[in-house]
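# sequence first, then the predicted structure:
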Amino acid sequence: LTAAERKVMSSMQQRKGPNVVGFLGLLQPIADGLKLFAKETVIPSSSNPVNFALAPILTFFLSLLSWAVIPVNAGFSLVDLNLGLIY
């Protein structure tokens, strides 16, 4: 979905799309994530530096974890939770 969005935006702005990174631009979201984590971090002096650094990482992994319950194929998902009311 990210690659499709970038292709549409690049065609609207008449510039080269994300197909430069990997096959059909499939590595572009990973490159964006690495770029985000590699940026220089400015930690406020009045904050807890450990919590300030771990909060985005925890949020990222929790968002990835939510994809585990989505069925990939008929009868196959990464996790079968038996929680029909919630999901």
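Yes, it's here.
# OK, contacts around residue 52?
Residue 52 makes contact with 41, 43-44, according to C-beta atoms under 8 Å, 6 or more residues apart in numbering. Bear in mind the C-beta positions are built from the backbone N, C-alpha and C, glycine included.
# what subset of the residues you listed is buried?
Neighbour counting over the contacts of residue 52 (16 or more other C-beta atoms under 10 Å) leaves no buried ones.
# wait, which of these is closest to residue 8?
Using C-beta to C-beta, residue 41 comes nearest to residue 8 of these, at 31.3 Å.
# what about that closest one, which SS state?
Each residue gets one of three states, and residue 41 gets coil by DSSP: H, G, I helix; E, B strand; the rest coil.
# alpha carbons of whichever helix or strand residue 63 is part of, as CSV, please.
Element membership of residue 63 [criterion: DSSP states H and E] is helix 49-65. Provided in CSV are the C-alpha atoms of helix 49-65 (Å, rounded to 0.1, in the frame of the first residue of the first chain):
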residue,chain,number,x,y,z
PRO,A,49,16.0,9.2,28.0
VAL,A,50,15.3,5.5,28.2
ASN,A,51,11.5,5.9,27.9
PHE,A,52,12.0,8.6,25.2
ALA,A,53,14.1,6.2,23.1
LEU,A,54,12.1,3.0,23.6
ALA,A,55,8.6,4.5,23.1
PRO,A,56,8.8,4.7,19.2
ILE,A,57,10.4,1.3,19.0
LEU,A,58,7.7,-0.2,21.2
THR,A,59,4.9,1.5,19.2
PHE,A,60,6.4,0.2,15.9
PHE,A,61,6.6,-3.4,17.1
LEU,A,62,3.1,-3.3,18.6
SER,A,63,1.7,-2.1,15.3
LEU,A,64,3.5,-4.9,13.5
LEU,A,65,2.2,-7.4,16.1
